[in-house]
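Asker: Okay, predicted coordinates and the sequence, questions at the end:
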Amino acid sequence: MTPVLVARLDSLGDVLLAGPAVRAVANGRKQDGSRPNHVVMLCGRQGEAAASMLPGVAEVYSWDSPWIMNPAPKMTGPHADRLIEYVRNSRITEAVILTSFHQSPLPLALLLRLAGVERISGVSTDYAGSLLDVRLRPGEDFPEDQPEAERALGIARAAGFPLPLGDDGKLKVKPGPPVNDLVGEEPYVVVHPGAAVPARAWPPLHHAAAVELLAGAGYRVVVTGGPDETSLTATVAGPSALDLGGRTDLRTLAGVLAGADAVVAGNTGPAHLAAAVGTPVACLFSPVVPAVRWAPYGVPLELLGDQDAPCRLTRARICPVPGHPCLDSVSPEDVMHAVERLIGGVSSFSTHLSTRRKDRSR
């Protein structure tokens, strides 16, 4: 097998959105799959667990990028050498660099050239010189207003890697472990209240009220969260829900999400993980980034939040608007009705519009 490096130097959700492109590269250059590649996934430490779950990934290498990570590590000679030596020792001769619209592939391409990589593909607004062999120009070679998963697939396709025949291009992860011992046998809805970025968080007491409403309507509710979110999940679960805060790793969380009838989550990694296991998502989506690009992909979706709020497209980590109106305007009743629509198989018209309209700032 030929080793090919696929880079997505971001966190959990971004790595999951790269999954279809990874499968395309793993397929090789023939749609019949007769030439599979050994895909090495390069990501930051926050994306390492997600990368290991992607079908088609044979090896994961974690390296914290000084131009992507926040807070950023120092860019030193030894830090750069660690990546260069790994790539050189792995005898990688081709790389596909996956980026979002606001990121440049050129710093990584320079390091990969120093490591001996002969063919590099990526998207660059800036002149790439000899750093990219396949250079796509945003807005010219493909539209920017498209889902991140499709953007990544476009980069892989331009590099010469089509999806395998029969692959629907949706997000996927490897199957997780059985979770019946955690969640039981009865149907349930998952509420995941945490968010890594404060600007994307719905208030805890709003979550708690939504859990009470869902439980009162006859839904069994499971609340999930990481080891550092146990206080939050306890508050949200209250007396009515099963609190799994701190009791799941990423693979186990995937199993819990896969068994749910619907998932309530913010614009954060677990929303994309829910999409990767095929579960409908009611997404409390702060418009600091555009929904057309980063909404949960390929599953029934309810998009909640004012997508025209003043914070729109700011990419802010801390809400810049007093009162956090984009999400605080969403009521617990709105969330309950969204879950009911998802389980009933009818999504709202506003969601359809928000995830398909053009970015009016361009």
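Answerer: Happy to help now that I have it.
Asker: So T230 is in contact with T248, correct?
Answerer: No. The pair T230 and T248 does not pass the contact test of CB atoms under 8 Å, sitting 11.6 Å apart. (C-beta placed from N, C-alpha, C; glycine too.)
Asker: More neighbours: which of these two?
Answerer: More neighbours surround T248 than the other of T230 and T248, with 21 against 15 (other CB atoms under 10 Å).
Asker: Next, the contact list for that one, please.
Answerer: When contacts are counted by CB atoms under 8 Å, 6 or more residues apart in numbering, T248 is found next to L182, T224, V256.
Asker: switch to 10 Å and redo it
Answerer: Contact analysis of T248 by CB atoms under 10 Å, 6 or more residues apart in numbering lists G176, V179, L182, T224, G225, G226, P227, A254, G255, V256, L257, P270.
Asker: Is the first one in a helix, a strand, or coil?
Answerer: Yep, that's G176 we're talking about. At G176 the chain is in coil, as set by DSSP: H, G, I helix; E, B strand; the rest coil.
Asker: follow-up on the earlier one: closest to A201 among the contacts of T248?
Answerer: Nearest to A201 among the contacts of T248, counting by CB to CB, is G225 at 12.0 Å.
Asker: Wait, a strand at that closest one?
Answerer: No. Using three-state DSSP, the assignment for G225 is coil, not a strand.
Asker: Could you list the low-confidence segments of the chain?
Answerer: 30-35, 347-362 (pLDDT under 70).
Asker: how about the strands of it, start to end?
Answerer: Taking DSSP state E, the strands of the chain run over residues 2-8, 37-43, 57-62, 94-97, 119-123, 134-136, 189-192, 221-223, 242-243, 262-266, 281-284, 301-304.
Asker: Please identify the most buried of these.
Answerer: Most buried of the strands of the chain by mean neighbour count (mean count of other CB atoms under 10 Å) is strand 281-284; its value is a mean of 30.
Asker: Give me the sheet partners of it and which way each runs.
Answerer: Strand 281-284 sits in its sheet next to strand 262-266 (parallel), strand 301-304 (parallel), going by DSSP bridges.
Asker: Columns distance to S100 on top of these, output as JSON lines?
Answerer: Listed next are the strands paired with strand 281-284 as JSON lines, based on distance: least, CB to CB, whole Å:
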{"stretch": "strand 262-266", "distance to S100": "18"}
{"stretch": "strand 301-304", "distance to S100": "19"}
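Asker: looking at those, which is closest to T76?
Answerer: Closest among those, using CB to CB: strand 262-266, at 34.9 Å.
Asker: excluding its backbone neighbours, what's nearest D167?
Answerer: Using CB to CB, 6 or more residues apart in numbering and skipping residues adjacent in sequence, the residue nearest D167 is R23, 6.0 Å away.
Asker: Can you tell me how far that neighbour is from P36?
Answerer: 11 Å (CB to CB, to the nearest Å).
Asker: which of those two has more neighbours?
Answerer: Legend: neighbour count by other CB under 10 Å for R23 and P36, higher for R23 (22 against 16).
Asker: ok, that one touching G56?
Answerer: Yes. R23 lies in contact with G56 (CB atoms under 10 Å); the separation is 4.4 Å.
Asker: Mutual contacts of these two, please.
Answerer: By CB under 10 Å, 6+ apart, the residues touching both R23 and G56 are V39, P164, D167, K172.
Asker: would you turn those residues into CSV with distance to P71?
Answerer: Compiled in CSV, the shared contacts of R23 and G56 are given as follows (distance: CB to CB, whole Å):
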residue, distance to P71
V39, 29
P164, 39
D167, 37
K172, 32
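Asker: Just the closest of those to A276, please.
Answerer: Nearest to A276 out of these is K172 (CB to CB; 5.9 Å).
Asker: mind listing what that closest one touches?
Answerer: 16, 19-20, 22-23, 53-56, 275-278, 298.
Asker: Looking at those residues, which is nearest E333?
Answerer: Using CB to CB, A275 is the member of the contacts of K172 that sits closest to E333, with 24.6 Å.
Asker: what about that closest one, distance to P310?
Answerer: To P310, A275 is 28 Å away according to CB to CB.
Asker: follow-up on the earlier one: okay, and which of the contacts of K172 map to helices?
Answerer: Applying DSSP state H to these, the entries found in helices are L16, G19, P20, V22, R23, A275, A276.
Asker: ok, how many other residues are close to the nearest residue to the first one once chain neighbours are set aside?
Answerer: Read it as L16. When the adjacent residues along the chain are set aside, L16 lies closest to H272, with 4.4 Å between them (CB to CB, 6+ apart). For H272, the count of nearby residues is 29 (other CB under 10 Å).
Asker: wait, isn't H272 in contact with V281?
Answerer: Yes. Between H272 and V281 there is a contact under CB under 10 Å: 8.8 Å.
Asker: Could you tell me which residues touch both of these two?
Answerer: Jointly contacting H272 and V281 under the rule CB under 10 Å, 6+ apart are A265, A295, P296, Y297, V299.
Asker: Out of these, which comes closest to A149?
Answerer: In terms of CB to CB, no member of these lies closer to A149 than Y297, at 4.8 Å.
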